[in-house]
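Asker: fold the stuff below for me.
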Amino acid sequence: QVQLGESGGGLVQAGGSLRLSCAVFGGTLSTLTMAWFRQAPGKDREFVAVNNWSDATPIYGDSVKGRFTISRDNAKNTIVLQMNNLKLEDTAVYYCAADSSPFMSGGGSGIEYDYWGQGTQVFVSS
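Answerer: Here you go, the predicted model:
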């Protein structure tokens, strides 16, 4: 059973940076497609980024393109979401998700993923 554990959330001022990590337990990262989603209060879950295990090309949601970077370290069984130039609207709970599918077209809506972390809160202040 794959388990995911996020870390790195916190409070940051607008324009600042945060680095989220997601550790994978009970599975092999090299054969998992890994994604980040987020959910703000009163809003639907939003796709943030995906790194498909079948290729190295990441896919990003429109609202984070050019600011966020997803990367994986297969040796450490960890993926990272580097978030730069944070905006107030980036405030949300961020979730790490995983699936054995080799490729998630467009990152998916979330329901396609079999495994989820518990989430980590990111709060961006003005």
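
Asker: in the protein, what spans have low per-residue confidence?
Answerer: Residues of the chain meeting the criterion pLDDT under 70: 56.

Asker: can you pull up the most central residue in the chain?
Answerer: Trp36 (2.1 Å; Cα atoms, centre = their mean).

Asker: you'd agree that residue is up against Ala92?
Answerer: No. Assessed by Cβ atoms under 8 Å, Trp36 is found out of contact with Ala92, at 10.4 Å. C-beta: built from backbone N, CA, C; applies to glycine.

Asker: how about Gln3, nearest residue that isn't a chain neighbour?
Answerer: The shortest distance from Gln3 to any non-neighbouring residue, by Cβ to Cβ, 6 or more residues apart in numbering, is to Phe25 (4.4 Å).

Asker: check contacts around the one you found.
Answerer: When contacts are counted by Cβ atoms under 8 Å, 6 or more residues apart in numbering, Phe25 is found next to Val2, Gln3, Leu4, Gly5, Asn77.

Asker: what about Gly5, distance to Asp44?
Answerer: 24 Å (Cβ to Cβ, to the nearest Å).

Asker: more neighbours, these two?
Answerer: Gly5 (14 against 8; other Cβ atoms under 10 Å).

Asker: do I have it right that the more buried one meets Gly119?
Answerer: No. Between Gly5 and Gly119 there is no contact under Cβ under 8 Å: 10.5 Å.

Asker: tell me the contacts of the closest residue in space to Gly27 that isn't next to it in sequence?
Answerer: Spatial nearest neighbour of Gly27, excluding adjacent residues (Cβ to Cβ, 6+ apart): Val2 at 3.8 Å. Going by Cβ under 8 Å, 6+ apart, Val2 touches Val24, Phe25, Gly26, Gly27, Leu32, Ala98, Asp114, Tyr115.
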